[in-house]
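Trainee: Sequence first, predicted model second:
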Amino acid sequence: MTTTRGLREGDDPITMLTAYDAPTAAVVDEAGIDVVLVGDSMGNAALGYDSTLPVTFDEVASRTAAVARATEDALVVADMPFLSFGVDEAESVRNAGRLLKEANADAVKIESGPHTVETTRRMTEVGIPVMAHLGLTPQHVNRLGGYTRQGTEQEAAEEIIDLAGDHADAGAFALVLEHVPANLAGAVTEALEVPTIGIGAGPDCDGQVLVINDAVGLGEWSPPFARRFGNVRSEMVDAVEAYKEAVTTGEFPAEEHSHVEEELEDLY
Ligand SMILES: Nc1nc(=O)c2c([nH]1)NC[C@@H]1CN(c3ccc(C(=O)N[C@@H](CCC(=O)O)C(=O)O)cc3)CN21
Ligand SMILES: CC(C)C(=O)C(=O)O
Ligand SMILES: [Mg+2]
């Protein structure tokens, strides 16, 4: 089993993908991916919302439990949804604890800022491993005014470097860097002892993460920094159309999919 302590051991980059259900988690786990993230990106990627803001604690807990049931080796990280942390310190820690106790997550991720340093410390103290998340934090979309690249100016870049250090000092075991310049991500990686995991943050991180829909080509849209490594959507379209065709023409179900019980009589 992957542990939060062992993440940066070895020279290979850390691999992380999201999953929101058991069959997807099983595929990700069997492929040997190190970390499976039950991201609040499920809002867009699985639940049909147009942002991550409506995602509830119960939705993340239910999906995390499903993913944990299907995962043997990978580290399971639950993404704390909007307002499940950050409003009240004690409530934040309790919610994070529930994701470990009730949903079987191994760790939580929180979208970070100056306000989450103490939260990270408190969670770590009670035994909840925390993955920090800096750069583009989609839960702040209304404040940021869009999903734009972060840390592009000197002051903003230095703030990200400082916050990364603060969260590492507070006990975060890893740090996601989203949609920031590659040289900034490289500088943060250089400065930290804990591993960085990039998304739209260039190659100089200790690992990479993508939303599973984007990686396998399931969605109609994906962000500019993602790459499709397959085309699951067109595979599904083909299969669904073939099923419709077979039912419509009477070709399915065939004899091998049906059973006539000879013992039965007089049913009409
Ligand atoms: N399928 C999926 N993949 C993701 O990576 C993802 C989600 N969903 N949902 C939650 C957030 C949202 N993310 C996003 C969303 C949009 C852009 C994007 O289009 N950026 C453009 C335009 C920015 C703007 O002007 O608003 C860019 O060029 O930076 C990037 C990341 C990343 N996350
Ligand atoms: C893209 C990753 C880092 C994330 O936070 C999510 O999937 O919700
Ligand atoms: Mg997220």
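Mentor: Great, that's in hand. Ligands and ions are numbered 1, 2, ... in the order given.

Trainee: quick one: low-confidence parts of this protein?
Mentor: Residue ranges of the chain with pLDDT under 70: 1, 5-6, 8-10.

Trainee: What ranges does it have for its helices?
Mentor: Under the criterion DSSP state H, the chain carries helices at the ranges 22-30, 42-45, 57-70, 89-101, 117-126, 141-144, 154-169, 182-191, 212-216, 232-249.

Trainee: I figured Thr116 hits Phe85, correct?
Mentor: Yes. Thr116 sits in contact with Phe85 when judged by C-beta atoms under 8 Å, with a separation of 7.4 Å. Where you see a C-beta, it was placed from the backbone N, CA and C, and this is true even at glycine.

Trainee: Check the contact lists of these two and give me the overlap.
Mentor: With contacts taken as C-beta atoms under 8 Å, 6 or more residues apart in numbering, the residues that reach both Thr116 and Phe85 are Ile110.

Trainee: Residue in the chain with the shortest distance to ligand 2?
Mentor: Closest residue of the chain to ligand 2, C-beta to the nearest ligand atom: Gly39 (2.3 Å).

Trainee: Would you tell me which of the helices of the chain gets closest to ligand 1?
Mentor: Counting by C-beta to the nearest ligand atom, and looking across all of these, nearest comes helix 42-45 at 4.1 Å.

Trainee: Not counting its own residues, what contacts that closest one?
Mentor: Applying C-beta under 8 Å, 6+ apart, the external contacts of helix 42-45 come out as 18, 20, 39, 49-55, 59-60, 63, 211-213, 218-219.

Trainee: Just those residues: which are in strands?
Mentor: Using DSSP state E to define strands, the subset of these located there is Thr18.

Trainee: List buried members of the contacts of helix 42-45 by neighbour count.
Mentor: Neighbour-count burial (16 or more other C-beta atoms under 10 Å) applied to the contacts of helix 42-45 gives 18, 20, 39, 51-53, 55, 59-60, 63, 211-213, 218-219.

Trainee: what's the closest of the residues you listed to ligand 3?
Mentor: When those are compared for distance to ligand 3 (C-beta to the ion), Gly39 comes out closest, at 4.4 Å.

Trainee: So which bits of the stretch 1-150 of the chain are right by ligand 1?
Mentor: Counting by C-beta under 6 Å from any ligand atom, the stretch 1-150 of the chain comes close to ligand 1 at Ser41, Asn44, Ala45, Thr52, Pro138, Gly146, Tyr147, Thr148, Arg149.

Trainee: mind giving me TSV with the residues you listed and columns for distance to Gly97?
Mentor: Below are these laid out as TSV (distance: C-beta to C-beta, whole Å):
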residue	distance to Gly97
Ser41	23
Asn44	27
Ala45	26
Thr52	22
Pro138	24
Gly146	34
Tyr147	30
Thr148	34
Arg149	34
